[in-house]
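Asker: sequence isn't available, so here's the structure alone:
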Ligand code: SF4
Ligand code: SF4
């Protein structure tokens with residue numbers, strides 16, 4: 001298949017992707033884009049392609065016109081008469097495609113002084129890229145390099161957020177959803193929420209509400225029977241690998257790693273559920289319960305000290321969305337340990353050690 005066929009086939013997906021780039025969470029995109037641009041163009045032979053020069057009239061600015069007219073030995077008025085077309089918006093471009101300056105061997109006869117727009121095409125190494133979804137999409141249909149750059153970029157920054165049956169997830173701008181988490185359908189995410197890699201939030205059959213300050217850590221699954229709702233009330237803390245199926249988790253409660261909370265179970269406010277706990281369908285626990293085991297049972301009340309510890313841990317997670325937005329980015333690994341690599345601080349200990 002030709003690149004143009006792939007580009008048309010992926011047009012809808014690419015359009016959605018390009019539009020999604022223009023969000024707050026794009027700090028890492030530009031360095032990656034630039035690196036991909038350089039890699040792709042180091043292997044691209046424009047002389048065997050020339051699609052842009054054959055099919056797109058190059059835009060001109062006033063200094064292009066002056067420069068090229070001078071180069072070919074005519075004045076600007078003559079140049080405009082012979083080479084320039086003005087569209088209804090007043091934009092000027094070289095008239096005729098293929099371009100009159102394109103040689104038979106695909107070289108450009110005015111290469112050194114070509115229009116600025118030609119020099120910059122397909123604009124894949126420009127900071128403005130993330131704001132130009134329409135132009136970028138159009139370029140993928142013409143330029144095989146622009147298409148390849150976009151496909152490679154998608155592998156690094158593909159937010160897995162999906163509309164389902166007309167439901168589009170709603171995610172507050174202050175929250176961070178890792179690009180490798182999947183958020184589908186009727187999902188509402190409040191402020192300062194952290195969603196870790198490989199978490200799956202499937203709001204396809206019912207609703208998922210995640211209130212402000214919650215975290216849903218790596219490999220968690222949130223799902224439900226048709227028509228049911230999963231609710232995580234404010235500051236709920238869902239540990240690595242936990243499954244919440246059609247249940248509700250109370251305000252400032254913590255669900256330990258790899259626990260399973262079944263349908264219509266209710267975990268009250270300020271509860272702590274130990275790692276690997278199984279809460280069966282319909283079970284409910286009052287506020288301040290410390291719950292462990294399979295089947296789950298209350299072993300004592302959550303003390304003020306335990307709750308302070310839990311709250312402190314959740315506060316760390318509430319800082320994580322902002323940290324991720326500002327410092328998390330794909331990178332090439334180092335091949336050796338730098339001598340000045342700093343040691344990380346032990347700012348938070350597990351509960352037993354805290355005593
Ligand atoms: S001026 Fe040169 S680079 Fe620009 S479209 Fe014409 S041939 Fe191509
Ligand atoms: S369309 Fe893209 S790959 Fe082809 S000549 Fe133009 S810039 Fe090069």
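Answerer: Noted; the coordinates are in hand. This is a predicted model, so every value here is computed, not measured. Ligands and ions are numbered 1, 2, ... in the order given.
Asker: only C-alpha atoms from now on, for both contacts and neighbour counts.
Answerer: Noted.
Asker: domains of the protein?
Answerer: 3-56+97-157, 160-304 (automatic domain parsing).
Asker: quick one: residues contacting whatever residue of the stretch 101-250 of the chain ends up closest to ligand 2.
Answerer: When distances are taken as CA to the nearest ligand atom, the stretch 101-250 of the chain approaches ligand 2 most closely through residue 143, which lies 3.6 Å from it. Taking CA atoms under 8 Å, 6 or more residues apart in numbering, we find residue 143 in contact with 51-52, 122.
Asker: so which of those is the most crowded?
Answerer: Going through the contacts of residue 143 with other CA atoms under 10 Å as the criterion, the one with the most neighbours is residue 122, at 23 neighbours.
Asker: that residue against residue 138, yeah?
Answerer: No. Applying CA atoms under 8 Å, one finds residue 122 not in contact with residue 138, separated by 9.8 Å.
Asker: strands along the stretch 201-350 of the chain, start to end?
Answerer: Counting by DSSP state E, counting those that start in this stretch, the segments of the stretch 201-350 of the chain that form strands are 215-216, 221-223, 229-232, 237-238, 243-245, 248-249, 254-255, 260-261, 266-267, 272-273, 278-279, 284-285, 289-292, 297-301.
Asker: of all the ones you listed, which lies closest to residue 6?
Answerer: Comparing these against residue 6 with CA to CA, the closest turns out to be strand 221-223 (33.5 Å).
Asker: lowest average pLDDT across the domains of the chain?
Answerer: Comparing these by mean pLDDT, the weakest confidence falls on domain 3-56+97-157, with a mean of 91.
Asker: now that one: how far from the chain's centre is it?
Answerer: Mean C-alpha position of domain 3-56+97-157 versus that of the full chain (CA atoms, centre = their mean, to the nearest Å) differs by 20 Å.
Asker: what does the stretch 101-250 of the chain put close to ligand 2?
Answerer: Taking CA under 6 Å from any ligand atom as the criterion, the stretch 101-250 of the chain approaches ligand 2 at residues 121-122, 142-145.
Asker: quick check: the farthest pair among these?
Answerer: 121 and 144 (12.0 Å).
Asker: more crowded one of those two?
Answerer: For the pair residue 121 and residue 144, the greater number of neighbours falls to residue 144 (23 against 15), based on other CA under 10 Å.
Asker: which phi and psi does the nearest residue to residue 94 once chain neighbours are set aside have?
Answerer: If the residues on either side of it in the chain are set aside, residue 94 comes closest to residue 84, at 4.8 Å by CA to CA, 6 or more residues apart in numbering. Main-chain torsions, residue 84, degrees, to the nearest 10: phi -120, psi 140.
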